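# Here's my sequence, what's the structure:
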Amino acid sequence: MSVILSGKLPRDDRTNGIASIAAALIANPSDVHIVVALVDCLKITTKTESGEVIPEARIRAIEAFPGATADGEELRRLWRRARERRTGEVELELPIELERELDSLKPAPAEGDDE
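Modelled structure (predicted):
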């Protein structure tokens with residue numbers, strides 16, 4: 001099953017926080033940041049030929065976190081864990097507290113290193 005994402009962002013600054021990383025995006029375009037969005041279903045389309053039902057998600061609220069911050073690192077950790085669960089790529093999932101401790105022991109990546 002697939003989901004379409006509406007291209008519209010909330011207009012209200014109280015629910016659209018993506019502009020908070022604008023300066024970081026301009027200064028370092030290749031840096032990766034984290035965006036968290038709250039979504040609901042705007043509409044549902046049914047393809048009459050196949051019967052496929054496709055929901056269109058609407059972004060109700062969105063916040064952005066610079067990737068190099070503690071919040072950004074924690075959100076990336078949660079994002080990776082969710083992706084591993086969804087794709088079945090994880091064999092053994094450590095408790096999040098233990099994973100945080102292990103991550104704190106790793107040296108920071110050298111400048112220019114990819115993850």
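# Would you confirm that residue 55 contacts residue 6?
No - using C-beta atoms under 8 Å as the test, residue 55 is too far from residue 6 to be in contact (10.5 Å). Backbone N, C-alpha and C define where each C-beta goes, glycine included.
# So which of the two has more stuff around it?
Higher neighbour count among residue 55 and residue 6: residue 55, with 17 against 13, using other C-beta atoms under 10 Å.
# Check which element follows the top helix by length along the chain along the chain.
In the chain, with assignment by DSSP state H, the single longest helix is helix 70-87. Per DSSP states H and E, the first helix or strand lying C-terminal to helix 70-87 is helix 96-105.
# between that following helix and helix 70-87, how many degrees?
Per axes from the mean of the first three to the mean of the last three C-alpha atoms, to 10 degrees, the angle that helix 96-105 makes with helix 70-87 is 120 degrees.
# Show residues contacting helix 96-105.
Here helix 96-105 makes contact (C-beta atoms under 8 Å, 6 or more residues apart in numbering) with 73-74, 77-78, 81, 94.
# rerun that using 7 Å as the cut-off
residue 77 (C-beta atoms under 7 Å, 6 or more residues apart in numbering).
# So for that helix, mean pLDDT?
Mean pLDDT, computed over helix 96-105, is 80.
# Ends of stretch 42-60, what's the gap?
10 Å (C-alpha to C-alpha, to the nearest Å).
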